[in-house]
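Visitor: Need coordinates for the below:
(chains A, B, C and D)
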Amino acid sequence: MYLILEAIYHDFKKFPKKYANFKVNFSNITDCNKNQKGEYMRKLATLATSVALLASVSVAKEIKVGAVMPMSGPLAAYGQVTYEGIEFAHKLQPTLKNGDTIKLVLVDNKGDKVETATATTRLISSDKVTAILGALTSTNTAQTIAIADKKKIPVIASVATNDKLTMKRTFANRVCFMDSFQGEVVANYALKDLGLKTAVVIVDQAQVYSLGLAKAFQKAFKKGGGKIVKKIKITSGDKDFKAVVSQIKSANPDFMFLPLYHPEASMIARQSKQIGLNKPMFSGDGVANQVFIDLGGKAVEGYMFTDFFDYSAPPTQKSKDFIAAYAKDTGKKELASFTALGADTYFLLVDAMNRCADPSDSICVNEQIKATKGFEGVSGIINMDKSGNATRSAVIKVIKDGKAVYKTTVNP
Amino acid sequence: MSIIIRKDQWINLAIIASTLWFIWFASSHFDEYTVRILNNIAIFTILAVSYNLINGVTGQFSLEPNGFVAIGAYVTALLLLDGDAKSYQFDIEDPYPWVLALHANFIWALFFAGLFSALLALTLSFPVFRVRGDYLAIVTLGFGFIIRILAINNPEITNGSLGLNDIPEFSNLYWTGGIALLAVWGILNIVNSKFGRAMKAVRDDEDAAIAMGVNTFKIKTFAFCTSAFLEGVGGGLLAALLTSISPDLFTFFFTFQLLIIIVLGGLGSTTGAVIGTVLVIGGAEWMRFLDEPMNFGFFETPALPGMRMVVFSVILIFVMLFAREGIMGKRELKDLFKKAKK
Amino acid sequence: MNFLEFMQQMVNGFSLGSMYALIAIGYTMVYGVLRLINFAHGDIMMVGAFLGYFGMAVLDLPFVAAVVLSVVGSALLGMLTDKVAYRPLREAPKISLLITAIGISFFLENIFNVIFGGTSKPFPVPAYMEEIVNIGGLTLPASALMVPAVTLVLLGAILWVLYKTKYGMAIRALAFDVNTVNLMGIDANKIIMIVFGMGSALAAIGGIFWAVNYPSVEPMMGVLIGLKAFAAAVVGGIGSVGGAVIGGFIIGFTEVVVVAFLPEYGGYKDAFAFVLLILVLLFKPTGILGINFDKSRF
Amino acid sequence: MILELKNVTKKFGGVTAIKDTTFRVNSKEIYGLIGPNGAGKTTMFNIITGNYEATEGDIIFRKEPLNGLKPHAIVRRGIARTFQNIRLFKSMSVMDNVLIGFDFQAKYTYFESILRFPRFFGEEKRIKKRAMEILEYFKIAEFSEQKATDLSYGQQRKVEIARALATNPVMLLLDEPAAGMNPSETEELANLIKSARDDFDLTILLIEHDMKFVNQLCDKVLVLDYGKTIFEGKPADAIRDKEVVAAYLGDFVSHD
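Guide: Predicted coordinates for the structure are as follows:
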């Protein structure tokens, strides 16, 4: 029994040790420092740090950054698009200001929690990464954060929008906006700009994203004087919404708010048109992709949604450059929002690392991430706050002639 | 009972002692990544040996583990989290007052996790074992599905698809390994008793078993409830290991993985289930290379995410077609040594 | 809720029910001859839908040709799974068969996931099927009428084959006793193959209908539909083709009724099929038109 | 009298498998149930053992009705059976096969077996000893650790009978015990059944085609044809009965 286990243990050992690991682990020493272990330790730490600084001037180090992404399984499509951004950003900027190189370590989590936990632990304990990017969905990101927070390793989430994610956590950060902001944007835009006063909300019970967005929207819409005439619960994977759209038709709202992902939203749009329900429809960033337009066909003409970013209206110089480089490299001009946000997690991390004396000091990196102000990202200007949330603008798009067209930008 | 310890008891004691020593050695010497994988192996050992009891030993094909593991995980999580931690988490709906009031220590939480699962199994066994065999598969598959739907649609209890976070991290190798050891011991004790013999008889020929006076309904129900109990406990350990659970963890993939484990190890062999767990849980980490681009020297394949799952299903089919008995067949590790002596 | 709306829902239920029925027939026939819950059946349906998509979107075939491609391809695939995965296990314990069935199901899902990717593909629905028909105030897409109509025609054809042809008789006989079939001078394996072919062809049509009504195809689409169709087959009485159709309509109508009249329970829509299944097992284990296999086997 | 069937009728759908049959088996008797194929003999067994429920009529065993009892409960009242085609537990050893017969006689609970209470060891020891005695009686003790299905056909028959005896029955139902055996094996089996009756205090009800075997063994026979009783009495008389001969001849003509 023991022999078998030991054999397997060695097998695992080989795995992360592919790359020579000559980095001193400073986070431990700073740890001691924080814990007030006495004058002696503090002195030692200072000594070690200064030695490290000297070393960093003379020899460029390799700093590892982990990425946990669903590259297979049901979420693979989103994971791949996001990682593309991280990877490309790394390609553009593989070194830090002080000459240290960054090594990306990607681990697939299959979109599964157990694997996310294993992957995160591996990145921290075997690969000794300084920071972790990703985990995509809110539930898996929560899993990554739960482990990383205890180990004092900063996590930067790209698209996990759930409000609760960063609460009570020190090492959790994100570059996307929160559900509550997006919900407000839609509610205010519908009320003030479009003058729509009554709404039906369709919420996907199985998606954290949908629940959070629906809640935020309802709150903001009611506050602004609007009225929710009906709230309908669905579950992702549903295809048949004939009964749902019939109900909406009889409720006769000014517009429909569908905080859903593209498969369900497109089916609802199609089936609404079939029974002659032609009310304006509005979604969040869950439908911000070409597949939605392909699936919806003619039925999604005039469909509106919020997004982080639009490649046709690059918000910063950095996005212009990134899009140009991306187009040159891949031949694709259309940069997906998820790719842009993936890239921003990386750029933001590098920016924070550059401001640290020792870029592999996780605690300093985390502090610097939270201190980021006015950062020019690919997806727009990002301001981070103390709790690790990003304050940033949203764009509103409308589908016209089978294309998502930029309509306006909403600033917080 | 005599003081003199028989030879096979010495061997058992030696196995237990070396396992305990290994647990101690691993938790003090290995890095956290390895320890986490060992934790996963221990938890999946509990699940695999109990799943094997109903599927392999009793021959009743069921697809329930994801359901009972989910129940165990939720019960444990709700009992371990205190009122404050809960009321702060619930985001979709306000929790019921009784949900906030639930609280227990780790041992009781695990016990109730198992008990709750076992009681549900008992309820299910009435419709299912009224008719023979096959329906169990589809009903249990549906059951796992219903559990997920319930977890999603009752945010007052489960916090919906957001799941429960910040569960105190009680699980460590001593807990998981210790309970795995107990589970394997208990299951082997069942298998080597009149109940185990009756379970195998039900698998081999149910009519003949009835003709021997075996109450097959009772035997099947025993096996099913025992499985459910341990799966509930395993779910509880998993929740306290991950510290965060949500409905998307308990999909059919979970069950599928266990099915591969017990088929590979040898349906009906408890030690086979243990070996299967080590191979599959360990191997899944090792097989990560399948998802990555492969270089055969003269030709490079592109990255094929998901290839791992294809390979897993092919392994399952091949084992069934060409090596139906799996690694251990229906034998136990002990039997191999017996043969070797002859 | 007015009468018109009620009628609208009934049409929806009828259309949904006939799709379940088409898929349930395959389950019930395979169960009849092999006593096997063919877990891969739902995925054969998915393959059918994908072949239809492939025919139209990639090969640029007209709709009817794509349907033929899909039906023939799925039937061959169904027979192939029998030959490769089930036939070598005829004498093996039933549990081995069930496990290979799960294996095949998982294999099909994952191989399509690797080849086509996990994202939904838009199914190119022919324009005439999307046309809105107006009957006495009811607005319906043409497909909502075509699906039940084609189902009824196919059902007639199946019943004719089962009751009027030599092979149909053999299929029915096989449901009771393998020996009788051998006495009739027919190879039981051939009959089983025909059953797989027929069942898979119907599943393919069900899959295409599904894709026409909800125009997206993805590798996991067969899982839930397949499970519900099996539940339908059990509710109707497994082994009975008529029962499968009745069961399909019951499940279809239940779902529509739940969402339409009890919207607060909409989240439980998918669970109803299984609750119904458990209730049937409790009170009438053989289903509505069921055959008691336990006794006939003894 | 130990077993009595009163006006038993069994219908499957429209087919009447057994029609209004009445007979009595006395204590310690070897009673034969004969008749051509499809006469309803095995159906009769299945009614007695509770696998089928009689459409009409009563089954009285030791003065108590068996109607409505579950098959395993009937075994526990003292009726054991063997099967026409041997049905041993194929993954289990000869010993374990026989031990299954002691299932309801070993007095320990599920929890006692999980936690290995002393009672578990005591009971296991007791039933293993008894099982060994039965195996020795049938002279198959030397195979006790072998897989049951690895034994020769004749020995498998013995294991099956031994297994049935392990349930400690008052009455034993044998379904074509001599089928597929050569004359010398048949001879041995007949002697074994006879001595077992005496040594285990059994009443035996058996189905058999081999008339020589029946003649040698049975005290009394019941001849069935298409579910109807056509004769009851001494086996020697049965062979001379016109109706019986007609039924059998018809059977020979149509089947063999």
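Visitor: pLDDT score for residue D:183?
Guide: pLDDT, residue D:183: 86.
Visitor: Backbone dihedrals for residue 288, both of them.
Guide: No chain specified, so I'll use chain A. Note on residue A:288: its backbone torsions stand at phi -80, psi 70 [degrees, to the nearest 10].
Visitor: tell me the contacts of it?
Guide: When contacts are counted by CB atoms under 8 Å, 6 or more residues apart in numbering or on different chains, residue A:288 touches A:305, A:307, A:308, A:336, A:337, A:397, A:404. Where you see a C-beta, it was placed from the backbone N, CA and C, and this is true even at glycine.
Visitor: Mind checking which of those land in strands?
Guide: With DSSP state E as the criterion, strands contain A:305, A:307, A:397, A:404 from among these.
Visitor: ok, for the first one, nearest residue in space, not its chain neighbours?
Guide: In space, not counting the residues next to it along the chain, residue A:305 is nearest to residue A:283; the distance is 4.3 Å by CB to CB, 6 or more residues apart in numbering or on different chains.
Visitor: Isn't the one you found up against residue A:259?
Guide: Yes. At 6.5 Å, residue A:283 counts as touching residue A:259 under the criterion of CB atoms under 8 Å.
Visitor: Render the CA-only coordinates of stretch B:78-85 in PDB, please.
Guide: Output for stretch B:78-85, consisting of C-alpha atoms alone and laid out as PDB, is shown next (Å, rounded to 0.1, in the frame of the first residue of the first chain):
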ATOM      1  CA  LEU B  78     -25.100  23.700   7.300                       C
ATOM      2  CA  LEU B  79     -24.200  22.100  10.600                       C
ATOM      3  CA  LEU B  80     -20.600  23.400  10.600                       C
ATOM      4  CA  LEU B  81     -21.400  27.000   9.700                       C
ATOM      5  CA  ASP B  82     -22.500  29.000  12.600                       C
ATOM      6  CA  GLY B  83     -25.500  31.400  12.500                       C
ATOM      7  CA  ASP B  84     -23.500  34.500  11.700                       C
ATOM      8  CA  ALA B  85     -21.500  32.900   8.900                       C
END
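Visitor: What are the buried residues along that stretch?
Guide: If you call a residue buried by 16 or more other CB atoms under 10 Å in any protein chain shown, then stretch B:78-85 has these buried ones: B:78, B:79, B:80, B:81, B:85.
Visitor: ditto for stretch A:153-168
Guide: For stretch A:153-168, a neighbour-count test (16+ other CB under 10 Å) marks A:153-166 as buried.
Visitor: and the two most separated of those residues?
Guide: Among the buried residues of stretch A:153-168, the pair separated by the greatest distance (CB to CB) is A:153 and A:163, at 22.5 Å.
Visitor: Mind giving me the packing neighbours of the host helix or strand of residue D:132?
Guide: Secondary-structure element containing residue D:132, defined by DSSP states H and E: helix D:118-137. With contacts defined as 3 or more CB pairs under 8 Å, 6 or more residues apart in numbering or on different chains; DSSP states H and E, helix D:118-137 has these neighbours: helix D:94-100, helix D:110-114, helix D:153-166.
Visitor: Now do the first one, average pLDDT.
Guide: Looking back up the chat, that one is helix D:94-100. For helix D:94-100, mean pLDDT is 93.
Visitor: Give me the neighbour count for residue 245.
Guide: Went with chain A since none was named. Residue A:245 sits with 24 neighbouring residues when counted by other CB atoms under 10 Å in any protein chain shown.
Visitor: I was thinking of chain D, sorry if that wasn't clear
Guide: By the other CB under 10 Å criterion, the neighbourhood of residue D:245 contains 12 residues.
Visitor: Check whether it really touches residue D:239, as I assumed.
Guide: Yes. Residue D:245 sits in contact with residue D:239 when judged by CB under 8 Å, with a separation of 7.4 Å.
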